[in-house]
Each structure stands twice: as structure tokens, then as C-alpha cells.
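*Asks:* Quick one, fold the following:
(one chain, ligands or ions: 1)
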Amino acid sequence: MTADIHAEHADEPAVDPGSTIGIIGGGQLGRMLAMAAGRLGHPVIVLEPSDPCPAAQVANSHIVAAYDDPNALAELVDRCDVVTYEFENVPAPSAALIEERHRDGGPPLRPSARALEVSQDRLVEKQFLQRIGLSVAPFRAVDSQQDVVDAVEALGGRAILKTRRFGYDGKGQVRVDGAAPANAFEQLGSAPSIAEGFVDFDLEISVIVGRSLRGDIRTFAPAHNEHINGILSRSTVPAPVSEIVLDAARAAGRQLARELEYVGVLGLEMFVMSDGELVANEFAPRVHNSGHWTELACSVDQFEQHIRAITGESLGATGGRACVMDNLIGDDVDRVPALLEEGSWRVHLYGKEEVRPGRKMGHATKLL
Ligand code: AMP
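*Replies:* Purely as a prediction, here's the structure:
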């Protein structure tokens with residue numbers, strides 16, 4: 001284990017066993033966090049406007065309200081000992097309100113508002129990753145069609161345009177090969193965006209990192225991620241790259257967690273080039289889809305690791321077995337009877353009633 005003690009949280013005590021955890025967001029990540037919290041004896045309150053929602057099915061209480069509803073946030077803060085989140089688009093004013101209440105004796109927000117601020121804006125995120133010494137694709141801020149034309153030219157004609165905010169699973173993106181289409185900026189909703197040089201990578205990997213309140217850091221084995229239509233389809237662990245590259249990926253994850261003074265679990269996505277160089281793409285300040293395999297292959301999974309971190313407990317061991325995890329997206333859920341019959345797949349469904357194309361319904365993991 002890499003011990004990496006920072007002083008910034010040294011005066012903050014662990015929350016008591018049995019204390020209540022608030023989770024902003026009620027999707028499958030919140031659900032799996034709530035399950036891990038429950039195992040460690042923590043009641044969970046979910047703040048989520050959708051009712052029903054996957055997390056509320058396994059939580060103790062559900063505040064049905066918008067993420068930026070001040071009364072709901074006040075209630076959450078009053079009823080919880082620590083607040084966390086399961087998605088990166090938590091409104092900045094909500095995070096600020098919780099941190100302000102913390103200064104007056106309310107519960108801490110872990111991870112911090114700062115982690116949200118960096119990850120919510122692709123330009124800020126890229127600049128941050130670069131500043132802490134990670135390689136990133138060349139990028140330019142674009143705020144008009146003329147900017148797009150100039151940026152694509154500067155980036156050699158092959159680029160990916162991405163909105164700075166609210167992009168996920170490949171949404172809010174335009175690929176350019178040659179001249180930028182005349183309506184490229186319009187296709188981005190005329191929103192502040194970035195243009196990134198196209199990276200000719202060999203494969204995509206991610207590393208899941210946990211950092212405790214005391215500054216201990218542990219990384220899970222990097223996974224190889226394959227996407228279909230921009231959505232993660234399969235993660236294979238360990239990623240089929242050299243030990244040197246695996247170590248470099250873990251080191252990049254540690255560096256990011258350290259520099260953010262992070263408390264909790266995060267996922268860092270990277271491209272692996274043919275020479276083994278790593279190019280950081282983006283990170284998520286939360287448990288990550290490419291880490292769901294840890295529930296089967298490791299003694300302590302990413303969800304428990306996050307709960308341990310935010311409650312001020314010690315991190316768990318991250319060593320594990322080789323495995324493959326398949327996302328069950330939309331109609332993939334029809335595979336469930338066969339997966340169950342095969343016997344060795346651990347199937348995890350999220351309790352979503354309606355099957356929709358592109359909707360993450362569950363995942364299944366198998367040891368290799
Ligand atoms: P993102 O939303 O940034 O995760 O991008 C979605 C997917 O687009 C990634 O998983 C990659 O497969 C691809 N992609 C993103 N950025 C680049 C890039 N600069 N060069 C090549 N492919 C990229």
C-alpha cells in the first residue's frame with residue numbers, strides 16, 4: 001500500500017459507526033454504494049427527484065426532490081453525518097451549500113466540491129490533468145464556429161469536439177476528419193466546447209483509485225474497456241498491457257487523487273498508445289462502471305472502498321482475480337436467464353423496470 005499522508009484532513013475525525021450517509025443521486029451507482037454502506041451498518045438517505053429509483057429500493061430513506069432544492073439539501077444535511085454523490089453533475093451551488101453548512105458544524109461533503117468543479121468542465125479538467133503532469137490529447141477551447149475551424153486546422157484536421165459540460169457516454173461530441181462541417185458548433189448546441197486532437201490509441205483502460213481521509217491511496221488493477229455506441233460494453237481485468245504500463249496507470253491515478261486531496265473513490269480513463277505511453281482522457285469523481293467487477297474479484301470492492309474512505313475508515317486491500325465484466329444494456333438484459341444457467345456469472349441487476357435502448361440495466365462478471 002502506498003501511504004501518502006497529507007495534513008489537510010488530519011483534524012477531521014472518522015464518522016461514528018452506524019452514522020448516516022447521504023447520497024446525492026439515485027441511480028445504480030447510488031444503489032451499489034447504499035448496499036455497501038448497509039453492510040457496514042450505515043443507514044443511507046438518497047436525494048433523487050425520480051421516484052422510484054434504483055438506489056431508493058435499497059436505501060433507508062428517499063428525499064424526492066431536485067438536486068438543487070435548498071429545502072431538500074437542508075433536510076439531507078440535518079439528517080446525515082457525511083454526504084457523498086454518485087454522479088459528477090451535482091449542481092455547484094448544492095455542493096457549495098453543503099460545504100458552507102459543514103463550516104458551521106454540518107456534515108462534510110466527500111469527495112469535495114473541488115473534485116466536482118474540476119471534473120464538470122472538460123477544459124478545466126484537461127488543464128488540471130496537464131498541470132499535474134499527466135499527458136493529455138492536444139486541446140483548444142472553442143466558443144464559436146470560427147474557433148472550431150481554427151482549432152481543427154491547428155490540430156491537424158482530425159479532431160473530436162466535445163461540449164465542456166454535461167457530456168457523457170460520447171454524447172455532446174462531434175468527430176471531424178478533414179474540414180470542420182459548417183454547422184459543427186451548432187451541432188454542439190453552440191455551447192462552450194473543446195476541440196481535442198484525435199488520439200490513435202491501441203486500447204482504452206481505466207484505473208479505480210481510493211484515497212482515505214488520512215491520505216492512504218490504493219488502486220485496483222487497471223481494466224481494459226471496450227465501448228459500443230459510446231457506452232462501456234465490456235471491461236477485462238487486468239488490461240492486456242505490460243506491467244510497466246499497468247504500474248504507470250496506477251501511478252497516474254494516485255497522482256490525480258493526491259493532487260485533488262481527494263477523499264473517496266474515483267475512476268481515471270486513459271488511452272494506451274502503441275509505445276505504451278498513457279494519455280489521460282477524463283476522470284469521474286465517483287465509483288465507476290469499469291470498476292463493477294471488483295464486487296466479485298476483490299475482497300473489498302470499489303463501493304465499500306468509497307464508503308470506508310468517506311467515513312474515515314481504513315481502506316481495504318485491492319488485490320483481486322482476473323475477470324471479465326459485461327454491461328447489460330437495453331435488451332442485453334435478455335441474456336440474464338442464459339447467464340444464470342451458465343452458472344459462473346455473477347449477475348447484478350439495478351431494479352429498473354423499463355428497458356430502453358442504451359439504458360444500463362445491470363452487469364455480469366465472471367472470473368477468468
Ligand atoms: P469521452 O466522453 O471523453 O469519454 O469520449 C468517449 C469516447 O470517445 C472515448 O471512450 C474514446 O473511445 C473516444 N475518444 C474521446 N476522446 C478521444 C480523442 N481525443 N481521440 C480519439 N478518441 C477519443
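*Asks:* Quick check: pLDDT value at the most centrally placed residue in the chain.
*Replies:* Most central in the chain under C-alpha atoms, centre = their mean is residue 284, positioned 3.1 Å from the mean C-alpha point. At residue 284 the predicted local confidence, pLDDT, stands at 98.
*Asks:* Distance of it relative to the ligand?
*Replies:* Note on residue 284: its distance to the ligand, by C-beta to the nearest ligand atom, to the nearest Å, is 9 Å. For glycine as for every other residue, the C-beta is placed from the backbone atoms N, C-alpha and C.
*Asks:* got the contact list for that residue?
*Replies:* Contact partners of residue 284, counting by C-beta atoms under 8 Å, 6 or more residues apart in numbering, are 88, 119, 266, 267, 269.
*Asks:* do residue 40 as well
*Replies:* When the contact criterion is C-beta under 8 Å, 6+ apart, the partners of residue 40 are 17, 304, 307, 308, 311, 313.
*Asks:* Equivalent analysis for residue 283, please.
*Replies:* Here residue 283 is in contact with 119, 125, 129, 256, 266, 267, 268, 269 (C-beta under 8 Å, 6+ apart).
*Asks:* Where does it fall, secondary structure wise?
*Replies:* Secondary structure assignment for residue 283, by DSSP states H and E: strand 278-284.
*Asks:* Residue 17 is in contact with residue 41, isn't it?
*Replies:* Yes: distance between residue 17 and residue 41: 5.8 Å, which falls inside the contact criterion (C-beta atoms under 8 Å).
*Asks:* if I pick residue 177, what's in contact with it?
*Replies:* The contact partners of residue 177, taken as C-beta under 8 Å, 6+ apart, are 157, 158, 198.
*Asks:* Okay, and the beta partners of the second one?
*Replies:* With DSSP bridges as the criterion, residue 158 is bridged to residue 177.
*Asks:* Residues of the stretch 101-250 of the chain that sit close to the ligand?
*Replies:* Residues of the stretch 101-250 of the chain that fall close to the ligand, judged by C-beta under 6 Å from any ligand atom: 137, 160, 167, 170, 196, 198, 199, 204, 227, 230.
*Asks:* Can you flag the buried ones in these?
*Replies:* When neighbours are counted using 16 or more other C-beta atoms under 10 Å, those contain these buried positions: 137, 160, 167, 196, 198, 199, 204.
*Asks:* In three-state terms, label the second one for me.
*Replies:* Think residue 160. The local conformation at residue 160, judged by DSSP: H, G, I helix; E, B strand; the rest coil, is strand.
*Asks:* and the nearest residue to residue 270 once chain neighbours are set aside, how many residues sit next to it?
*Replies:* Closest residue to residue 270 apart from its sequence neighbours, by C-beta to C-beta, 6 or more residues apart in numbering: residue 278 at 4.7 Å. Using other C-beta atoms under 10 Å, residue 278 has 22 other residues around it.
*Asks:* Same check on residue 358?
*Replies:* Number of residues near residue 358 (other C-beta under 10 Å) recorded here: 12.
*Asks:* Could you report the pLDDT at it?
*Replies:* Spelled out, the predicted local distance difference test score at residue 358 is 94.
*Asks:* picking that back up, now the buried members of the contacts of residue 40.
*Replies:* Among these, those classed as buried by 16+ other C-beta under 10 Å are 304, 307, 308, 311, 313.
*Asks:* Can you tell me the closest non-neighbouring residue to whichever residue of the stretch 1-150 of the chain sits closest to the ligand?
*Replies:* Ranked by C-beta to the nearest ligand atom, the top residue of the stretch 1-150 of the chain for proximity to the ligand is residue 137, at 4.0 Å. Spatial nearest neighbour of residue 137, excluding adjacent residues (C-beta to C-beta, 6+ apart): residue 196 at 4.5 Å.
*Asks:* now swap in residue 208 and tell me
*Replies:* Here the nearest residue to residue 208 in space, its sequence neighbours aside, is residue 291; by C-beta to C-beta, 6+ apart that works out to 3.8 Å.
*Asks:* Pretty sure the one you found sits against residue 209.
*Replies:* No: using C-beta under 8 Å as the test, residue 291 is too far from residue 209 to be in contact (9.6 Å).
*Asks:* got any residues that touch both of those two?
*Replies:* In terms of C-beta under 8 Å, 6+ apart, residue 291 and residue 209 are both contacted by the residues 220, 265, 267.
*Asks:* quick one: the second one and residue 208 touch, right?
*Replies:* Yes: using C-beta under 8 Å, residue 265 is in contact with residue 208, at 6.2 Å.
*Asks:* joint contacts of those two?
*Replies:* Contact criterion C-beta under 8 Å, 6+ apart; residues bridging residue 265 and residue 208 by contacting each: 287, 288, 291, 302.
*Asks:* would you turn those residues into JSON lines with neighbour count?
*Replies:* Formatted as JSON lines, the shared contacts of residue 265 and residue 208 follow (neighbours: other C-beta atoms under 10 Å):
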{"residue": "287", "neighbour count": "30"}
{"residue": "288", "neighbour count": "26"}
{"residue": "291", "neighbour count": "31"}
{"residue": "302", "neighbour count": "30"}
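*Asks:* ranges for the helices of the protein?
*Replies:* Chain-ordered helices for the chain, with DSSP state H as the definition, fall at 28-39, 70-79, 92-103, 113-120, 122-131, 145-154, 184-187, 243-259, 294-297, 302-310, 336-342.
*Asks:* now the angle from the fifth one to helix 113-120?
*Replies:* The directions of helix 122-131 and helix 113-120 differ by 110 degrees, with axes from the mean of the first three to the mean of the last three C-alpha atoms, to 10 degrees as the criterion.
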